[in-house]
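Asker: kindly return the folded structure for what I paste below:
(chains A and B)
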Amino acid sequence: KAGVTQTPRYLIKTRGQQVTLSCSPISGHRSVSWYQQTPGQGLQFLFEYFSETQRNKGNFPGRFSGRQFSNSRSEMNVSTLELGDSALYLCASSLPGHSSTDTQYFGPGTRLTVL
Amino acid sequence: KNEVEQSPQNLTAQEGEFITINCSYSVGISALHWLQQHPGGGIVSLFMLSSGKKKHGRLIATINIQEKHSSLHITASHPRDSAVYICAVASGSRLTFGEGTQLTVNP
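Answerer: Here you go, the predicted model:
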């Protein structure tokens, strides 16, 4: 089985722009979670999607949004980018059930740099 | 105080040594995860446990729910074990992460 894929792997944007990141889960996995990793804050939970519905959301501003498609692929969008949004964005997929109590399979991440 | 505390933050060992990384948490949890992150960012899930002990190869994870504490042990450490090890607790339906332990194993 192919692993979790994320595109693009690297991205450079300027302040004020918006960005869309994509995540394709392992075939058969219906839960997709997104995380942000920065040197200062470590790993933080952004949101979780299951069957095209956001099931849980972390403490991030409304500029961060996401969605999931019927084939379980997920996208996250960040609008009005700020310098502090520079981070590694990771997605993880898991089988049905809550991602917090299922083994999660992580993608390689998208490294976003905001200039 | 963070909900999840790991110790030590940094650990340097010689090849072959027995290694222990600790994780303490302050909230009620439904599960605890140990993750490994190599340079470049890739994260691998090592264990998910809600009680007792799990073993996979040279890795052993234990959890004491009453004491709100978990340990990750590496026996016969090897330079390829060098990575950041991250503890994450599942509370409700979200994960909260520790800051990670940077492990370096020298040959």
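
Asker: neighbouring contacts of stretch B:45-56?
Answerer: A:101-106, B:29-36, B:59-63, B:65, B:70, B:72, B:85 (Cβ atoms under 8 Å, 6 or more residues apart in numbering or on different chains). C-betas here are computed from N, CA, C, even on glycine.

Asker: and stretch A:50-70, by the same measure?
Answerer: In contact with stretch A:50-70 (Cβ under 8 Å, 6+ apart) are residues A:30-32, A:34, A:36, A:44-49, A:74-80, A:96, A:98, B:92-94.

Asker: just the mean pLDDT for that stretch, thanks.
Answerer: The average pLDDT for stretch A:50-70 rounds to 93.

Asker: buried residues, it. List them.
Answerer: For stretch A:50-70, burial by neighbour count (16 or more other Cβ atoms under 10 Å in any protein chain shown) applies to A:50, A:55-56, A:58, A:60, A:64-66, A:68.

Asker: next: stretch A:71-80.
Answerer: For stretch A:71-80, by 16+ other Cβ under 10 Å, it's A:72, A:74-76, A:78.

Asker: for stretch A:84-91, same thing?
Answerer: Here stretch A:84-91 shows A:85-91 as buried, counting by 16+ other Cβ under 10 Å.

Asker: pick out the most distant pair among the residues you listed.
Answerer: A:Ser86 and A:Cys91 (17.6 Å; Cβ to Cβ).

Asker: leaving out the residues flanking it, which one is nearest to B:Thr75?
Answerer: B:Arg58 (4.8 Å; Cβ to Cβ, 6 or more residues apart in numbering or on different chains).

Asker: could you say which helix or strand contains the residue nearest to the spatial centre of chain A?
Answerer: Nearest residue to the geometric centre of chain A (Cα atoms, centre = their mean): A:Trp34, 3.1 Å. Element membership of A:Trp34, judged by DSSP states H and E, is strand A:31-38.

Asker: what packs against that strand?
Answerer: strand A:42-50, strand A:74-78, strand A:87-94 (3 or more Cβ pairs under 8 Å, 6 or more residues apart in numbering or on different chains; DSSP states H and E).

Asker: switch the cut-off to 6 Å
Answerer: strand A:42-50, strand A:87-94 (3 or more Cβ pairs under 6 Å, 6 or more residues apart in numbering or on different chains; DSSP states H and E).

Asker: and the ones you listed: which comes nearest B:Asn2?
Answerer: The minimum distance between B:Asn2 and these falls on strand A:42-50, with 9.3 Å, by Cβ to Cβ.

Asker: what are the pairing partners of the closest one, and which direction each?
Answerer: strand A:31-38 (antiparallel), strand A:53-57 (antiparallel) (DSSP bridges).

Asker: any stretches of chain A with poor pLDDT?
Answerer: A:1, A:96-100 (pLDDT under 70).

Asker: can we see that at 90?
Answerer: Per-residue confidence for chain A (pLDDT under 90) gives these ranges: A:1-2, A:39-42, A:51, A:55-56, A:94-104.

Asker: list the buried ones in stretch A:106-115?
Answerer: Buried-residue list, stretch A:106-115, by 16+ other Cβ under 10 Å: A:106-112, A:114.

Asker: equivalent analysis for stretch B:30-50, please.
Answerer: B:31-37, B:41, B:43, B:45-49.

Asker: mean confidence for it?
Answerer: 91.

Asker: next, the distance between the ends of that stretch.
Answerer: 6 Å (Cα to Cα, to the nearest Å).
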